[in-house]
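Colleague: Sequence and predicted structure below; questions after.
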Amino acid sequence: MEEPPNEWGKKAWEHLSLVRTHSPLIQCITNFVSMDLMANTLLSAGASPAMLYSAEELHHFTPRVSALTVNIGTLTPSWLPAMNTAAQLCSSLSIPWVLDPVAVSASPFRLNACLELVRLRPNVIRGNASEIIALSLASSTQPALNHDAAPKGVDSVHESMDAIEAAKLLAQTSGAVVAVSGATDIVTDGNRVFGAHNGVAMMQKITATGCSLTALIAAFVAVDKSHALDAAMSALAVFGVAGELGMKMAKGPASLRLHLIDALYGLDEAALLSHVNVTTLC
Amino acid sequence: MEEPPNEWGKKAWEHLSLVRTHSPLIQCITNFVSMDLMANTLLSAGASPAMLYSAEELHHFTPRVSALTVNIGTLTPSWLPAMNTAAQLCSSLSIPWVLDPVAVSASPFRLNACLELVRLRPNVIRGNASEIIALSLASSTQPALNHDAAPKGVDSVHESMDAIEAAKLLAQTSGAVVAVSGATDIVTDGNRVFGAHNGVAMMQKITATGCSLTALIAAFVAVDKSHALDAAMSALAVFGVAGELGMKMAKGPASLRLHLIDALYGLDEAALLSHVNVTTLC
Amino acid sequence: MEEPPNEWGKKAWEHLSLVRTHSPLIQCITNFVSMDLMANTLLSAGASPAMLYSAEELHHFTPRVSALTVNIGTLTPSWLPAMNTAAQLCSSLSIPWVLDPVAVSASPFRLNACLELVRLRPNVIRGNASEIIALSLASSTQPALNHDAAPKGVDSVHESMDAIEAAKLLAQTSGAVVAVSGATDIVTDGNRVFGAHNGVAMMQKITATGCSLTALIAAFVAVDKSHALDAAMSALAVFGVAGELGMKMAKGPASLRLHLIDALYGLDEAALLSHVNVTTLC
């Protein structure tokens, strides 16, 4: 069952236009590797990034943001109070927030941190297939029992399409919209499942593209809080199309990174209408 | 009252040449988002950046540097001892240092950290209009009383020209030269006020350009310690001209970032003489 | 005594092909400035970077990695337990690890941290000439006595060729292969000494190129554990050739950085056979 692609292209354009118009303030509590590209991705999309994360100022600052992203890439125990406090503030104030469970199965420490964050009700969870499978498994049962069965490492060892059932289950148990990056990007609310067939493989050869996409989802959800599924889908499609346009100019990962950001900045309605390719998967 | 632009262009060229000849060692205690671009900006200008910040080694290292920049972008309490110690060392040893009060009004924690740093007598303070207005207001009176009246957030909600009086007042109370970035960059010692009409708007769409400019000011002041006002003005003009030249090659924020750094590296006297546009504002 | 350059070119190609085929997982415990370029360098070479460093998860994660790099660029005391634990795990599990003693002579704190790490038996140590000379001197005698004689600062004040004897001595006392970056890159096991005459001077105007090279060495040693000398030499040559090819397209340090990474991604056998220039120095 395929929807007319231009419907999703139109939606993506509407979301991007809202981000450009409203310039939502997006707080990013994120890993050190991703800060530069994440901030530049948000700026190029029209949003306003802020990497503040000190526990001393969250009560003053976080209530003023339009959305929050929490990313555990370079997690240490000292980050946890800020992450949990900011997430709690957002949940209690109905400010949307997005969780990126980077390398969730690398250790029980990391898994337990994610499970705690999931309990604080993120509006969207985005990861690669291995991360979503591991988190879904751990969320639905006793994590200690399942850890050894979970995949290990940073990069995904699964295809995104293998994660559809895990993503639906995680969405159902967590209440979050779940997005899975991969050759086909998948988004589900636990009931409907959509796939975006945009993007290029070389984007995986650029560090922090996944993290930056998560922040972009936060910006899109910020301008359409009541439709997190649609907003997340739009963000995935927009980032993928920027990658496709960038790839036309690129000669390798570094030039792709540059042209992707330039393309994101310059995206117009015509490009989205002709390139966005989203289908209903189930 | 406009001065001949080539006088300032000549001065900017002299300062840049001194940086290239002496390659001053610039210690940067700065936020995580800015470290990469800041280091590359300093290297491209001919300076030698060092991001060391451990309290354990400041007494050995800081006395050897040519200048210091302190930037509170991703401030947490654990950074404060290093920032204060390094600033104190510089002040007591007559090593110039520059303060960047990023998002100073985001929280009382941040404001109080800045006020403490201002008391350690920075040679230059550089911020956007909202930051300078907030810091000026807080420096001149009781901060606790004024906080709620101050602007909040990371990006400026004021034009730089709106900050002239606040900048002059902050310069008078702190003893620092004060620089305000914006469509017109403003520099004042509390008495004279100059404006640099260089740069392009898209530079605001690149994260850490403001932070990197602050570090560049430190490098310029390092080679002309007794004329902090002129050196800061030169740094603002040089960075702005590099942005203008870079913009000719750019197709978006990411390519502007690349071409700005390349242009800074390749700047020659003719380019500065023909592009630098500094005027006396009052 | 010069070996046929194509022999080393062939070896470099074999090593690079192994990295691309096996995609070794490289853990990087490194400074904040270098994380972005280091991760992108590893990805472009075909390796899989992971910047995890929390002491809470090293016992779960580090045993699964193919190699580790430890870089002390932005060292604070809080990093030391993780660095030492990860290094110990690697040594005890015969996982190769590489030490980058950034600015080792900036303070006794930094020097002592390096000496402790050297005792954990890195497979390779890579630094600039000043760093290797300082570390060699301190490793062979009583560090407290020698510190004041050591060079200070971040950038090298020595030519790489001046460091040959120091590098040999450090290799002998530490048991590590020692690599010295410079106009000629030097690699020694304490007995043989080879030089790579690749690379371009402008690479020193890009922050974190040295750090990224160290991580690349780790990836190369990961796929040829029993020949650390050859693998390190190949990594130096490959990075240098990528710089030479990138320089043909570059107009300054920022475009060189971009084209270097693109060139590393696209390197083929013919380019290495025609460009790699390694000689036996003694």
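Modeller: Nice, I can see it. All values reported here derive from a predicted model rather than from experimental measurement.
Colleague: ok, the closest residue to A:Cys114 other than its chain neighbours to A:Gly182 distance?
Modeller: Nearest non-adjacent residue to A:Cys114, counting by C-beta to C-beta, 6 or more residues apart in numbering or on different chains: A:Pro101, 4.5 Å away. Using the backbone N, CA and C atoms, a C-beta is placed for each residue, glycine as well. Shown here: A:Pro101 relative to A:Gly182, a distance of 15 Å by C-beta to C-beta, to the nearest Å.
Colleague: Compare the two and say which is more crowded by neighbours.
Modeller: The neighbour comparison of A:Pro101 against A:Gly182 (other C-beta atoms under 10 Å in any protein chain shown) goes to A:Pro101, with 29 against 19.
Colleague: My guess is the more buried one contacts A:Asn128. True?
Modeller: No: applying C-beta atoms under 8 Å as the test, A:Pro101 and A:Asn128 come out as separate, 9.6 Å apart.
Colleague: Flag every residue of the stretch 1-150 of chain A that's near chain B.
Modeller: A:25, A:32, A:35-36, A:39-40, A:43-44, A:48-57, A:60-61, A:64 (C-beta under 8 Å from any C-beta of the partner chain).
Colleague: please redo it, this time with the cut-off set to 10 Å
Modeller: A:23, A:25, A:27-28, A:30-46, A:48-61, A:64-65, A:74, A:78, A:82 (C-beta under 10 Å from any C-beta of the partner chain).
Colleague: Can you pick out the ones from those residues that are in strands?
Modeller: A:25, A:27-28, A:48-50 (DSSP state E).
Colleague: Dump those to CSV, plus pLDDT.
Modeller: What follows is these, written out as CSV (pLDDT from 0 to 100):
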residue, pLDDT
A:Leu25, 98
A:Gln27, 98
A:Cys28, 98
A:Ser48, 97
A:Pro49, 97
A:Ala50, 97
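Colleague: Same list (these) but as a markdown table, adding neighbour count.
Modeller: Formatted as a markdown table, those follow (neighbours: other C-beta atoms under 10 Å in any protein chain shown):
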| residue | neighbour count |
| --- | --- |
| A:Leu25 | 22 |
| A:Gln27 | 28 |
| A:Cys28 | 28 |
| A:Ser48 | 18 |
| A:Pro49 | 26 |
| A:Ala50 | 27 |
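Colleague: where do the helices sit along the stretch 101-250 of chain A?
Modeller: Along the stretch 101-250 of chain A, counting by DSSP state H, counting those that start in this stretch, helices occupy A:108-119, A:129-140, A:143-146, A:164-174, A:209-222, A:228-247.
Colleague: now these as JSON lines including distance to C:Leu258, mean pLDDT and mean neighbour count?
Modeller: Formatted as JSON lines, the helices of the stretch 101-250 of chain A follow (distance: least, C-beta to C-beta, whole Å; pLDDT from 0 to 100; neighbours: other C-beta atoms under 10 Å in any protein chain shown):
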{"stretch": "helix A:108-119", "distance to C:Leu258": "33", "mean pLDDT": "97", "mean neighbour count": "20"}
{"stretch": "helix A:129-140", "distance to C:Leu258": "29", "mean pLDDT": "94", "mean neighbour count": "25"}
{"stretch": "helix A:143-146", "distance to C:Leu258": "42", "mean pLDDT": "44", "mean neighbour count": "14"}
{"stretch": "helix A:164-174", "distance to C:Leu258": "35", "mean pLDDT": "97", "mean neighbour count": "21"}
{"stretch": "helix A:209-222", "distance to C:Leu258": "16", "mean pLDDT": "98", "mean neighbour count": "29"}
{"stretch": "helix A:228-247", "distance to C:Leu258": "13", "mean pLDDT": "98", "mean neighbour count": "26"}
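Colleague: Distance to A:Asn191 added to those helices, as a markdown table?
Modeller: Compiled in a markdown table, those are given as follows (distance: least, C-beta to C-beta, whole Å):
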| stretch | distance to A:Asn191 |
| --- | --- |
| helix A:108-119 | 19 |
| helix A:129-140 | 15 |
| helix A:143-146 | 25 |
| helix A:164-174 | 8 |
| helix A:209-222 | 18 |
| helix A:228-247 | 9 |
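Colleague: State the distance from the nearest residue to A:Ala106 once chain neighbours are set aside to chain B.
Modeller: Nearest residue to A:Ala106 in three dimensions, chain neighbours excluded: C:Phe61, at 4.9 Å (C-beta to C-beta, 6+ apart). For C:Phe61, the distance to chain B equals 22 Å [C-beta to the nearest C-beta, to the nearest Å].
Colleague: Which residues lie in contact with C:Phe61 in this structure?
Modeller: C:Phe61 makes contact with A:103, A:105-107, A:109-110, A:152-154, C:25, C:27, C:50, C:52-54, C:86, C:89, according to C-beta atoms under 10 Å, 6 or more residues apart in numbering or on different chains.
Colleague: Could you do A:Val193 as well?
Modeller: Each residue near A:Val193 by C-beta under 10 Å, 6+ apart is listed here: A:164-165, A:167-168, A:171, A:178, A:180, A:186-187, A:229, A:279-282.
Colleague: same check, this time on A:Thr188
Modeller: Neighbours of A:Thr188 in contact, by C-beta under 10 Å, 6+ apart: A:132, A:163-165, A:167-172, A:176-180, A:194-195, A:229, A:232-233, A:281-282.
Colleague: so how far is chain B from it?
Modeller: Separation of A:Thr188 from chain B (C-beta to the nearest C-beta): 32 Å.
Colleague: Tell me the spacing between that residue and A:Leu137.
Modeller: Separation of A:Thr188 from A:Leu137 (C-beta to C-beta) stands at 16 Å.
Colleague: swap in A:Pro81?
Modeller: 27 Å.
Colleague: after the helix or strand hosting A:Asn84 comes which helix or strand?
Modeller: Using DSSP states H and E, the element containing A:Asn84 is helix A:80-93. Downstream of helix A:80-93, the next assigned helix or strand under DSSP H and E is strand A:97-100.
Colleague: Just list the residues touching the residue in the stretch 51-200 of chain A positioned nearest to chain C, thanks.
Modeller: The stretch 51-200 of chain A approaches chain C most closely through A:Ser107 (3.2 Å), counting by C-beta to the nearest C-beta. For A:Ser107, the contact set (C-beta under 10 Å, 6+ apart) comprises A:75, A:113, A:147, A:152, C:52, C:54, C:56-61.
Colleague: Excluding chain neighbours, what is closest to the residue positioned nearest the centre of chain A?
Modeller: Of all residues in chain A, the one closest to the mean position by C-alpha atoms, centre = their mean is A:Thr214, 2.4 Å from it. Nearest non-adjacent residue to A:Thr214, counting by C-beta to C-beta, 6+ apart: A:Asp100, 4.1 Å away.
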